[in-house]
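A.B. asks: Below are the sequence and a predicted model; questions follow.
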Amino acid sequence: MDVQTLVELTDNLLFTKTGKHLDSLQRVILQSTLEGKKYPEIAENSHSKYNHVKRVGSELWQLLEDVLKEEDIKQSNARSILENFYFSHISNTANDWVNVNNNHINICRENKQSPSPKNKSSPTPTDQNQNNTNPENHDLSEAPDLYSLCDRHTELTTLKQWINENHTRIITILGLAGIGKSVLALQLIEQIKDKFDYIIWRNIDNYPTLESLQTSIINFLSPPDSSSQKTADFSPAKTTNNQLINYLRKYRCLLIFDNLQEIFASGELAGTYLPDHENYGKLFKQIATSSHQSCLLLLSQEEPKIELGNHYCHTLKIYGFLEACKMLLQERNLTDEDRWLELINLYGGNPLWLNIIADAVEDLCDGNVAQFLSCSTLYLGDLEPILERIFQRLSELEKQVIFWIANQETAVDISITPADFPHSHSDLWKGIQSLKRRCLVEKLRETEGLFEGECHSPLHIWKETQSLKRRCLVEKVMETEGSFFTIQPVIKSFGKMLLASEQ
């Protein structure tokens, strides 16, 4: 039996017995254990402390012993016990039945007939309204299993307006790794799922070519009874782009392409396609310019270059999320709440980065944030591998721009020809534009501030900004005309570290 089915089975059994589902860490521990991973690897992959993971795992096995009426469940035997329980206690029991469909398991404890399977059929124009909330028409099997601390209300409102009112055909959600792109997309799906006939999530990592990706989507959209016709039609002699467009016209589909940055080349300016992935650009252009009722949602750390500019394409850049970060630190029981805002801003308001740094605060300073912030340099620790992967994707020009900005005391005005930049003024602009497409530089204006998008009173913003200014965490941009850019403290610190290692 596959791992995901076992996880869902266990979750449903626990809910039936206890009224509670697996929490996020329990689910990670169970799934990883079933995949053969041990506690040290699980702790590293989940960015959690080893002792905490081991304790939660032990409690989970004890809980399963109570639910399954088994003895001595542990990592080494959990999978075999669950599989044996499924086959002996459920599949062969007349009074129970289990319906496994699209990774969702329903367990019924009443004496009733097992539900007869229904063939998935595509909605017709006359019954689309009845079928557009049918889970069988939603394929989220490749979506990550994430939980959110709170909603990004402003961003969700913008996305819903673009999709429902403006009928935007391509939307790119752009942001650094860990900033919350996938969480935002999952929240969006939950709020607009009744507006679409089909919702399909695909992870670009799983598809070596565009053709294999399109085949997967078309196979899901095609009814089973048309398989012979589908095989005949789906051939190299016919344009797969046109086939997909026809389905996007026939049904209202929401397609989500996750990890889009994997189709772009490392060592080049942002948005440069890999040689065997240039056909993605043609597909995006066709989806943007063709008449249809569907929407393509792109989740990426790198902005794609779609060769047109019209109201059918939009990009939403997402940055640090103050409220989610505060809740994260609260869950970790860190001290010195009056210093949390400083910690959040130092690490860009990135939930993933803060979760990793929270481990360091616990390990090095027993959860004392003030003591952690007393370090004379910005501590990166386990963030370094993540930052290395980011820098590996940069072109040499982009690295030179990062190094140059990292050595500046204040935000740089790129409208003025810099005397100490090793390349031409035009190259500086080219590098800045490319870094902006990766969310690695930020443009500042006199009216923009740290709390943009947050609902704070002017007095609150003034007090917080004054406090941060005293700690040299914010800088006032001069009230003059110009184009000022800066980089986050984490990127600046890592850039300086790389530059020092090369000298």
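C.D. replies: Perfect, thanks for sending it. All values reported here derive from a predicted model rather than from experimental measurement.
A.B. asks: which residues in the stretch 401-503 of the chain form strands?
C.D. replies: For the stretch 401-503 of the chain, the strands defined by DSSP state E, counting those that start in this stretch cover 412-413, 442-444, 484-486.
A.B. asks: contacting residues around the first one?
C.D. replies: The one in question is strand 412-413. With contacts defined as Cβ atoms under 8 Å, 6 or more residues apart in numbering, strand 412-413 is touched by 404, 405, 418, 482, 483, 484, 485, 486. Every C-beta, even on glycine, is put in place using the N, C-alpha and C of the backbone.
A.B. asks: Likewise for stretch 138-157?
C.D. replies: By Cβ under 8 Å, 6+ apart, stretch 138-157 touches 24, 27, 102-103, 180, 182-189, 191, 193, 198-203, 206, 220, 256, 258, 316, 318, 321, 323-324, 327-328, 331, 351, 453.
A.B. asks: Among those residues, name the buried ones.
C.D. replies: 27, 180, 182-189, 193, 198-203, 220, 256, 258, 316, 318, 321, 324, 328, 351 (16 or more other Cβ atoms under 10 Å).
A.B. asks: one step back: rank the strands of the stretch 401-503 of the chain by pLDDT, which is bottom?
C.D. replies: Lowest mean pLDDT of those: strand 442-444, a mean of 84.
A.B. asks: list the buried ones in that strand?
C.D. replies: 442, 444.
A.B. asks: Please apply the same query to stretch 250-267.
C.D. replies: 250-264.
A.B. asks: closest to residue 38 among those residues?
C.D. replies: residue 259 (26.8 Å; Cβ to Cβ).
A.B. asks: Name all residues that make contact with that closest one.
C.D. replies: Per Cβ under 8 Å, 6+ apart, neighbours of residue 259: 203, 204, 205, 299, 300.
A.B. asks: which residue sits closest to the last one, ignoring its sequence neighbours?
C.D. replies: Taking Cβ to Cβ, 6 or more residues apart in numbering, and ignoring the residues beside it in sequence, residue 300 has residue 260 as its nearest neighbour in space, at 3.7 Å.
A.B. asks: Touching, that neighbour and residue 299? I think so.
C.D. replies: Yes - with contact defined as Cβ atoms under 8 Å, residue 260 reaches residue 299; the gap is 6.3 Å.
A.B. asks: which residues do the two both contact?
C.D. replies: residue 172.
A.B. asks: Might you list the low-confidence residue ranges for the stretch 151-300 of the chain?
C.D. replies: Scanning the stretch 151-300 of the chain for pLDDT under 70 picks out 223-239.
A.B. asks: Now do the helices in it.
C.D. replies: For the stretch 151-300 of the chain, the helices defined by DSSP state H, counting those that start in this stretch occupy 153-160, 181-192, 210-221, 227-233, 240-250, 279-289.
A.B. asks: For the third one, buried residues please.
C.D. replies: Along helix 210-221, the positions that meet the burial threshold by neighbour count (16+ other Cβ under 10 Å) are 210, 213, 214, 215, 216, 217, 218, 220, 221.
A.B. asks: can you list those in JSON lines and add distance to residue 12?
C.D. replies: What follows is these, written out as JSON lines (distance: Cβ to Cβ, whole Å):
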{"residue": "210", "distance to residue 12": "37"}
{"residue": "213", "distance to residue 12": "32"}
{"residue": "214", "distance to residue 12": "34"}
{"residue": "215", "distance to residue 12": "32"}
{"residue": "216", "distance to residue 12": "27"}
{"residue": "217", "distance to residue 12": "29"}
{"residue": "218", "distance to residue 12": "32"}
{"residue": "220", "distance to residue 12": "25"}
{"residue": "221", "distance to residue 12": "29"}
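A.B. asks: So residue 378 lies in a helix, does it not?
C.D. replies: No - counting by DSSP: H, G, I helix; E, B strand; the rest coil, residue 378 is not found in a helix; it is coil.
A.B. asks: wait, it sits on residue 488?
C.D. replies: No - look at residue 378 against residue 488 with Cβ under 8 Å: they stay out of range, at 10.2 Å.
A.B. asks: Looking at these two, which one has more neighbours?
C.D. replies: residue 488 (22 against 17; other Cβ atoms under 10 Å).
A.B. asks: how close does the more buried one get to residue 401?
C.D. replies: The gap separating residue 488 from residue 401 is 14 Å, by Cβ to Cβ, to the nearest Å.
A.B. asks: Averaged pLDDT, the strand or helix carrying residue 7. What do you get?
C.D. replies: Element membership for residue 7 (DSSP states H and E) is helix 3-18. Mean pLDDT, helix 3-18: 84.
A.B. asks: when you give positions from now on, start the count at 11
C.D. replies: Got it, the first residue is 11 from now on, which makes the last one we talked about helix 13-28.
A.B. asks: which strands and helices sit next to that helix?
C.D. replies: helix 34-44, helix 60-78, helix 88-95, strand 107-111, strand 114-118 (3 or more Cβ pairs under 8 Å, 6 or more residues apart in numbering; DSSP states H and E).
A.B. asks: and the second one, what other elements does it pack with?
C.D. replies: Packing contacts for helix 60-78, counted by 3+ Cβ pairs under 8 Å, 6+ apart, involve helix 13-28, helix 34-44, helix 49-55, helix 88-95.
A.B. asks: Now do the buried residues in that helix.
C.D. replies: 63, 64, 66, 67, 70, 71, 73, 74, 77, 78.
A.B. asks: In space, what's closest to the residue nearest to the spatial centre of the chain - neighbours in sequence excluded?
C.D. replies: With distances taken as Cα atoms, centre = their mean, residue 192 lies nearest the centre of the chain, 2.9 Å away. Closest residue to residue 192 apart from its sequence neighbours, by Cβ to Cβ, 6+ apart: residue 154 at 5.2 Å.
A.B. asks: same deal with residue 509?
C.D. replies: Nearest to residue 509 is residue 413, by Cβ to Cβ, 6+ apart, at 4.8 Å.
A.B. asks: neighbours around residue 282, how many?
C.D. replies: 17.
A.B. asks: Contact partners for the closest residue to it other than its chain neighbours?
C.D. replies: Leaving aside its sequence neighbours, residue 282 sits nearest to residue 275 (Cβ to Cβ, 6+ apart; 4.9 Å). Residues in contact with residue 275, defined by Cβ under 8 Å, 6+ apart, are 282, 283, 284, 285.
A.B. asks: What values do phi and psi take at residue 275?
C.D. replies: With angles defined as degrees, to the nearest 10, residue 275 sits at phi -80, psi 140.
A.B. asks: Tell me how far it lies from residue 408.
C.D. replies: Per Cβ to Cβ, residue 275 is found 13 Å from residue 408.
A.B. asks: what do you get for residue 34?
C.D. replies: 35 Å.
A.B. asks: If I look at residue 437, what pLDDT would I see?
C.D. replies: 95.
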